[in-house]
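[1] Generate a structure from the sequence data that follows.
(2 chains)
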Protein chains: 2
Amino acid sequence: MSAPTLSISRRLRGTPFTNRVSEAGVKGYTVYNHMLLPTVFESVEADYHHLKKHVQVWDVSCERQIEIRGADAARLMQMLTPRDLRGMTPGQCYYVPIVDETGGMLNDPVALKFADDKYYISIADSDLLFWAKGLAYGLHLEVDVNEPDVHPLAVQGPKADELMARVFGEQVRDIRFFRFHLLDFQGNEFAVARSGYSKQGGYEIYMDGAQNGEALWDALFKAGEDLNVRAGCPNGIERIEGGLLSYGNDMTRKNTPHECGLGRFCDTQTAIGCVGRDALLRVATEGPIRQIRSLSIEGDPVPPCTDKWSIFADGERVGRVTSAAWSPDFNTNVAIGMVRMTHWKEGTKVEVETPDGMRSAVVHLKPYI
Amino acid sequence: MSAPTLSISRRLRGTPFTNRVSEAGVKGYTVYNHMLLPTVFESVEADYHHLKKHVQVWDVSCERQIEIRGADAARLMQMLTPRDLRGMTPGQCYYVPIVDETGGMLNDPVALKFADDKYYISIADSDLLFWAKGLAYGLHLEVDVNEPDVHPLAVQGPKADELMARVFGEQVRDIRFFRFHLLDFQGNEFAVARSGYSKQGGYEIYMDGAQNGEALWDALFKAGEDLNVRAGCPNGIERIEGGLLSYGNDMTRKNTPHECGLGRFCDTQTAIGCVGRDALLRVATEGPIRQIRSLSIEGDPVPPCTDKWSIFADGERVGRVTSAAWSPDFNTNVAIGMVRMTHWKEGTKVEVETPDGMRSAVVHLKPYI
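    Here you go, the predicted structure:
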């Protein structure tokens, strides 16, 4: 099945940037957190080359925010994730796996700490708000859990620093990786973080107030004319090359963080009070029996990976590919999948059952870039 | 913005029927609970006429199920909804508004009671599983809350009884509205309910086990050849004519059940323990100040309602239209929207600001059919 039509309704929420995205010639969307997320402008491959050379503005409003405020904010945050948050200071971003009581992944968001009693959680594709609200209610926590009027806009690519400095001032260059500063834009204060869903460097602007969307978009495009700034979006090829996981694609509620290669973010001994600790303690001791790996798949470009592809070795299934795309820069198909421990070592040769037939493939410990 | 392309990925889950839906010539999809939901086969208008005359098979797998099992199942169910569930018996379906602690709608599902310690909740478009799991965890309830391998298939239209009788036996005719029986299909037991998201009558089959999907689909099409059975889907025109609400379109977390015209399902005096009781008690006493209404909008067919349209009277905004479509049978545009109490009486003349300009409209107390 390739490229059917998406029927637009109010239920698939537009964003403060949707008009601009449309004017920029968006060709495809996906739906993410009940919201429109662009997937392609010129072509996935042309967008990919441009992203690696220039700078792009991405409407990632679909990274919805959960605002947690109140006396028990830090307590709820630590319940939500097995990552030890005691060292987190205001101005920091933490990538935090969120699990249920069985250790199954519910989301893999980025948390932002504003103060001891105020956090944002910038979520992947699941209604994490409901989980946080359910816990807060059940445990009578003194917190307010809500979705604020905040809509992230990402600026990604090698020229992102230059473009952002022109719009937000030279101080943006001082923002370290996974830190954010509160910066002024036309009288509004936005959190600006050095982060984003690409490996090309850049920022995420937590734009506050839907009414400011088009002014911000326009300011970036006006300032970036000579930088060849374009509208873009998370790129399916580049994120697989970089080993960036996609919740719902590469992992679901059936997977533990350890299977997802996120064991280093699970401090099950010290993250006291976190949900899922009992389940994850055992995994942390014994290790998972399957884990996320990068793979290269030989031969011609593979078709879109719309379903799991089995990975075989010696006639047995030893894993499943969950994302795959042709990489022009590496001149091979790049992929992400779960592989059993018997076959997860660097360089292991396996076979992948694609819709076009069986292909030779190689398991890699690290992503391409 | 009309009909962009939907980029398919594994994150937008296929269903046990997706291959058959594709073979049947689906032309458009929406995404609902992270899953593909067909929106059009021949054309929305042709599908509409066919639905009202014949019988259709709908892949509504996206109505995901939450299974609640265990000693505290009934307690959790009553926490989830302000509807009094004490009279609910095994084999009954209840339409249950689900609200948060502020009385804001989180979902408007149909609950099925199998036994005192086993319920399904057949959900609208939000991850209600996370809310139910969060409450259960926070309150240490003795329940298991999970998504079973169950995928609803709806059979809708005036010939649905005849088709279902041929596949499941004459006993299906005895199933009363919003009741379900457990019936055999090729050695499997499926819950079969007289229910569905149309006003044309019919059933929903809670197909258990993804591997049974194509056999069930094929059996219905084979048995229904002379009934002119076709693949269909919830129809955008028919559901607005019938006043069937769509969570995310016509109501969100910002609305109370009373605003949605669901006050009759809120037994705030007797549904002891339900979340949101305190907030809803006041609304129940004083009534809401705005409420869902059907509207007819005069003039030519309106464009797709992809954003709220303001409703004006005497130069003031008195509401918003949230769904609208041209109705061939009623020869007018039918719509659903929230209207302020000053203008919600039957026959009130208002104006609606559509993308094509201001239109005269009339407020109705009841849907068209």
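
[2] contacts, neighbours, all on C-alpha from now
    Will do.

[3] Quick check: residues of the stretch 51-200 of chain A near chain B?
    By the rule CA under 8 Å from any CA of the partner chain, the part of the stretch 51-200 of chain A lying against chain B is A:101, A:126-128, A:130-139.

[4] Test for you: state the pLDDT assigned to the residue nearest to A:Lys199 when sequence neighbours are not counted.
    Excluding the flanking residues, the one nearest A:Lys199 by CA to CA, 6 or more residues apart in numbering or on different chains is A:Gly242, at 6.2 Å. Listed pLDDT for A:Gly242 reads 96.

[5] Same question for A:Asp47.
    According to the model, A:Asp47 carries a pLDDT of 98.

[6] Please report phi then psi for the residue nearest to A:Lys199.
    Here is the backbone geometry of A:Gly242 (degrees, to the nearest 10): phi -80, psi 0.

[7] and what of A:Glu286?
    The main-chain torsion angles of A:Glu286 are listed as degrees, to the nearest 10 and equal phi -90, psi -20.

[8] neighbours around it, how many?
    A:Glu286 is surrounded by 9 other residues when neighbours are defined as other CA atoms under 10 Å in any protein chain shown.

[9] go on, the one 4 residues further on?
    Neighbours of A:Arg290 under the rule other CA under 10 Å: 21.

[10] That one contacts A:Lys345, correct?
    No. No contact is recorded between A:Arg290 and A:Lys345 when judged using CA atoms under 8 Å, the distance being 11.2 Å.

[11] A:Val145 and A:Ile121, how far apart?
    Taken as CA to CA, to the nearest Å, the spacing of A:Val145 relative to A:Ile121 amounts to 10 Å.

[12] Which of those two has more residues huddled nearby?
    Residue environment comparison for A:Val145 versus A:Ile121 gives the larger neighbour count to A:Ile121, 25 against 22, counting by other CA under 10 Å.

[13] what's across from the closest residue to that one other than its chain neighbours in the sheet?
    Closest residue to A:Ile121 in three dimensions, ignoring its sequence neighbours and counting by CA to CA, 6+ apart: A:Ala111, at 4.3 Å. A:Ala111 forms beta bridges with A:Tyr94, A:Ile121, as assigned by DSSP bridges.

[14] Which residues are in contact with A:Ala111?
    By CA atoms under 8 Å, 6 or more residues apart in numbering or on different chains, A:Ala111 lies in contact with A:93-96, A:119-122.

[15] Mind doing that once more with 6 Å?
    Residues in contact with A:Ala111, defined by CA atoms under 6 Å, 6 or more residues apart in numbering or on different chains, are A:93-94, A:120-121.

[16] Could I have the buried ones of the residues you listed as ChimeraX selection syntax?
    Selecting only the buried members of the contacts of A:Ala111 in ChimeraX, with burial defined as 16 or more other CA atoms under 10 Å in any protein chain shown, works like this:
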select /A:93,94,120,121
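
[17] Tell me which of the residues of the stretch 51-200 of chain A next to chain B fall in strands.
    Using DSSP state E, no member of these falls in strands.

[18] In a markdown table, list those residues along with pLDDT.
    Below are these laid out as a markdown table (pLDDT from 0 to 100):
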| residue | pLDDT |
| --- | --- |
| A:Glu101 | 96 |
| A:Ser126 | 98 |
| A:Asp127 | 98 |
| A:Leu128 | 98 |
| A:Phe130 | 98 |
| A:Trp131 | 98 |
| A:Ala132 | 98 |
| A:Lys133 | 98 |
| A:Gly134 | 98 |
| A:Leu135 | 98 |
| A:Ala136 | 98 |
| A:Tyr137 | 97 |
| A:Gly138 | 96 |
| A:Leu139 | 96 |
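
[19] Tabulate those residues (a markdown table), appending neighbour count and distance to B:Glu189.
    Compiled in a markdown table, those are given as follows (neighbours: other CA atoms under 10 Å in any protein chain shown; distance: CA to CA, whole Å):
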| residue | neighbour count | distance to B:Glu189 |
| --- | --- | --- |
| A:Glu101 | 16 | 31 |
| A:Ser126 | 22 | 31 |
| A:Asp127 | 22 | 32 |
| A:Leu128 | 26 | 34 |
| A:Phe130 | 25 | 32 |
| A:Trp131 | 25 | 32 |
| A:Ala132 | 24 | 36 |
| A:Lys133 | 25 | 36 |
| A:Gly134 | 25 | 33 |
| A:Leu135 | 25 | 35 |
| A:Ala136 | 23 | 38 |
| A:Tyr137 | 22 | 37 |
| A:Gly138 | 18 | 36 |
| A:Leu139 | 16 | 39 |
